[in-house]
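> Kindly generate the corresponding structure for this input.
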Amino acid sequence: MQVIYLDNAATTWPKPPRVKEMMAEVIDQYAANPGRGGHALAMKASKTLFRTRMQVSRLFGIKNPNDLFFYLNATQALNQAIKGFLKAGDHVITSSIEHNSVRRPLEYLRREKQVEISYVQPREDQLFYAEDFAKAIRPDTKLIVTSHASNLTGLILPIAEIGAVARANGIAFLVDVSQTAGILPINVETMGIDMLAFPGHKGLYGPQGTGGLYVRAEIELDPLIHGGTGSQSEAVDQPTTRPDRFESGTVNTVGLAGLLAGVEFVMEKGVENIQRHDWGLAKKTLQLLQEIPGVEVYGPDLSVERVGVVACNVSGADASEVSFILDQQYGIATRAGYHCTPLGHETAGTINQGAVRVSFGVFNTEQDVEQFVKAMREIAAAFHS
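Numbers count the residues shown, from 1 in each chain. As a prediction, the model looks like this:
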C-alpha cells in the first residue's frame, strides 16, 4: 500500500533529494570537526557551517549571521532563550495555544524562580489580537513569547503587531516559528522579533537533529551549556563572542549540511508559493470535511488563512482509533492525540478527546486530500451506521 504522508507538522517527509546528497557528501569527503582545527578538512566543514548560517539568516532577514546559533531542535533553542533570559520574579506574557516546548520551561521557571506568567486567550472569533497582549503588560513584564502559528489548528498569530507592542514597551519578543519557518515570510527586523527559535526538520526540509536560535545583538543570555567551543580555549570562562558562546561541543555538521540544502530548496520554491500551496490543500480539506456528517473540524472561520494544518474528529470515535484506521486500512499517516499542546486543546475545546491532525507539505497533492476525505467519509459512516 502506497503511503500518503500527512504529518508534515511533526516533520516533513519526503526530503528533497539534494538533502541526502549534501549529507552524504560531508560524510564521504570532509566529515571533520568544524572550528577545531586548521587542516583542510576542518576548514571545509567550517565553510559548510558558515554557508548554512548565511542562508538561514537570509531567509529570516537576520543582518548578522553570528547572531544565529545552531541547536538540535526548536525545543533546545526555546529553552536557551527562555531560561537564559528570564530572571527570578520576572513577568512573561504568552498565548493559550503554546506547545509544551514553551509552556514547560515557563512553568518550570514559575516553580523554581517565581517567574509569573500571563496566558492571553483568543477572542470569540478564535483569533488573537495584539491589543490583548498589550493589556497584559505589567511594570515587571520582561518577555513576550508566542508561537507564530498553532500546531493544532494552523491559526496564524499577528506577529508583526505583537512585535510592535513589545518594542514600544521595551519588552523582549521571542517567537517560536516551528510551524511557519519556510512556510510564511519571516523577517526579524520588520516584525520586531528579538529572539526566534526554529526547527530544521519541518518547513525548512532539513533532517532531524537540526534547528537554531536567533538572538538580537542587544539581548544578553546566560548560556545553558558550557564547554569547548574551539575558541578562547585558554580561558576559564565561556567565550563572549557569538556564535561560540552558545555553541559548546561539536555541532551536527552532517545535519546542518542537509539543512543548507533544505533551505536552498525552500528559497528556490519561494516561501509565498509554498504558503499558497499548503493553505490551498488545507482549505480544500476543511471545506470537504465540513460536508461529512459526524465530522467536526476546529479553528477559525474558513475566511481566515492558516498554515497547512487541519484538526478534526469523528463524533463518537476515539481520535487515536481513527488515526490507526487511517494508517492500517488506508495507508494515510496522520497524528492523533494532544500534539504536545494541551494548552491548544483546552483552547480548541478538545482537551477531553484530543484530535486527528493532518498537515501538508510541498510534496502533497489534491489527490492526497481527496483520498483522505474519502477515507474519513467511510470511517464516519461506519461509526454512525
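> Is it correct that Val310 falls within a strand?
Yes - assessed by DSSP: H, G, I helix; E, B strand; the rest coil, Val310 belongs to a strand.
> Poorly predicted segments of the stretch 101-250 of the chain, please.
Scanning the stretch 101-250 of the chain for pLDDT under 70 picks out no residues.
> distance of Gln232 from Gln238?
The gap separating Gln232 from Gln238 is 9 Å, by C-beta to C-beta, to the nearest Å. Placement of C-beta: from N, CA and C, glycine included.
> Let me know whether Val310 touches Val297 as I believe.
Yes - with contact defined as C-beta atoms under 8 Å, Val310 and Val297 form a contacting pair (6.6 Å).
> Residues that sit against both of the two, list them.
Each of Leu286, Leu289 lies in contact with both Val310 and Val297 under the rule C-beta atoms under 8 Å, 6 or more residues apart in numbering.
> So for those two, which sits in the more crowded spot?
Taking neighbours as other C-beta atoms under 10 Å, Val310 and Val297 compare with Val310 leading, 29 against 18.
> Who is that one paired with across the strands?
On the basis of DSSP bridges, Val310 is bridged to Val358.
> so how far is stretch 65-74 from its chain's centroid?
Averaging C-alpha positions (C-alpha atoms, centre = their mean, to the nearest Å) puts stretch 65-74 13 Å from its chain's average.
> And stretch 101-110, by the same measure?
The answer for stretch 101-110 is 17 Å, by C-alpha atoms, centre = their mean.
> got it, and stretch 152-166?
The chain centroid and the centroid of stretch 152-166 are separated by 14 Å, computed with C-alpha atoms, centre = their mean.
> And it, what's buried?
Buried positions in stretch 152-166, judged by neighbour count with 16 or more other C-beta atoms under 10 Å: 152-159, 161-166.
> Go ahead and name everything in contact with the strand or helix carrying Gln287.
Using DSSP states H and E, Gln287 maps to helix 271-289. The set of residues external to helix 271-289 that reach it, using C-beta under 8 Å, 6+ apart, is 59, 154, 182-185, 203, 266, 295, 297, 299, 302, 305-310, 312, 358, 360-362, 364-366, 368-369, 372-373, 376.
> Show the subsequent helix or strand relative to it.
strand 295-297.
> That next one pairs with which strands?
Short version: by DSSP bridges, strand 295-297 pairs with strand 309-314 (antiparallel).
> separation between the residue nearest to Gln121 when sequence neighbours are not counted and Thr141?
Nearest non-adjacent residue to Gln121, counting by C-beta to C-beta, 6 or more residues apart in numbering: Ser96, 4.9 Å away. Relative to Thr141, Ser96 is positioned 17 Å away (C-beta to C-beta).
> cool, and Ile4?
45 Å.
> Ok, Gly262 next?
36 Å.
> Check Asp28 too.
51 Å.
> These two - which one has more neighbours?
For Asp28 versus Thr141, neighbours defined as other C-beta under 10 Å are more numerous around Thr141 (20 against 8).
> got a list of what that one touches?
Contacts of Thr141 by C-beta under 8 Å, 6+ apart are Asp90, His91, Val92, Ile93, Asn169, Ile171.
> Please apply the same query to Gly228.
Counted by C-beta under 8 Å, 6+ apart, Gly228 has contacts Arg36, Ser248, Gly249.
> How about the secondary structure of it?
Criterion first, three-state DSSP; result for Gly228: coil.
> likewise Arg36?
coil.
> burial of Thr250, as a residue count?
By other C-beta under 10 Å, neighbour count at Thr250 equals 13.
> who's in contact with the closest residue to Gln232 other than its chain neighbours?
Excluding the flanking residues, the one nearest Gln232 by C-beta to C-beta, 6+ apart is Pro239, at 4.3 Å. Residues in contact with Pro239 (C-beta under 8 Å, 6+ apart) are Thr229, Ser231, Gln232, Arg245.
> longest helix anywhere in this structure?
helix 40-60 (DSSP state H).
> That one packs against which elements?
Here helix 40-60 touches helix 17-29, strand 68-71, strand 195-199, strand 211-215, helix 253-269, going by 3 or more C-beta pairs under 8 Å, 6 or more residues apart in numbering; DSSP states H and E.
> List the buried residues in the first one.
Of the residues in helix 17-29, those buried by neighbour count under the rule 16+ other C-beta under 10 Å are Arg18, Val19, Met22, Met23, Glu25, Val26.
> for the last one, same thing?
Applying a neighbour-count criterion of 16+ other C-beta under 10 Å, the buried positions in helix 253-269 are 253-266.
> In JSON lines, list those residues along with pLDDT and distance to Asn273.
Formatted as JSON lines, the buried residues of helix 253-269 follow (pLDDT from 0 to 100; distance: C-beta to C-beta, whole Å):
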{"residue": "Thr253", "pLDDT": "96", "distance to Asn273": "30"}
{"residue": "Val254", "pLDDT": "97", "distance to Asn273": "29"}
{"residue": "Gly255", "pLDDT": "98", "distance to Asn273": "26"}
{"residue": "Leu256", "pLDDT": "98", "distance to Asn273": "25"}
{"residue": "Ala257", "pLDDT": "98", "distance to Asn273": "25"}
{"residue": "Gly258", "pLDDT": "98", "distance to Asn273": "22"}
{"residue": "Leu259", "pLDDT": "98", "distance to Asn273": "20"}
{"residue": "Leu260", "pLDDT": "98", "distance to Asn273": "20"}
{"residue": "Ala261", "pLDDT": "98", "distance to Asn273": "18"}
{"residue": "Gly262", "pLDDT": "98", "distance to Asn273": "16"}
{"residue": "Val263", "pLDDT": "98", "distance to Asn273": "15"}
{"residue": "Glu264", "pLDDT": "98", "distance to Asn273": "15"}
{"residue": "Phe265", "pLDDT": "98", "distance to Asn273": "12"}
{"residue": "Val266", "pLDDT": "98", "distance to Asn273": "10"}
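> Turn these into a markdown table, including distance to Gln76.
Listed next are the buried residues of helix 253-269 as a markdown table, based on distance: C-beta to C-beta, whole Å:
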| residue | distance to Gln76 |
| --- | --- |
| Thr253 | 17 |
| Val254 | 18 |
| Gly255 | 13 |
| Leu256 | 14 |
| Ala257 | 19 |
| Gly258 | 18 |
| Leu259 | 15 |
| Leu260 | 19 |
| Ala261 | 22 |
| Gly262 | 18 |
| Val263 | 19 |
| Glu264 | 24 |
| Phe265 | 24 |
| Val266 | 22 |
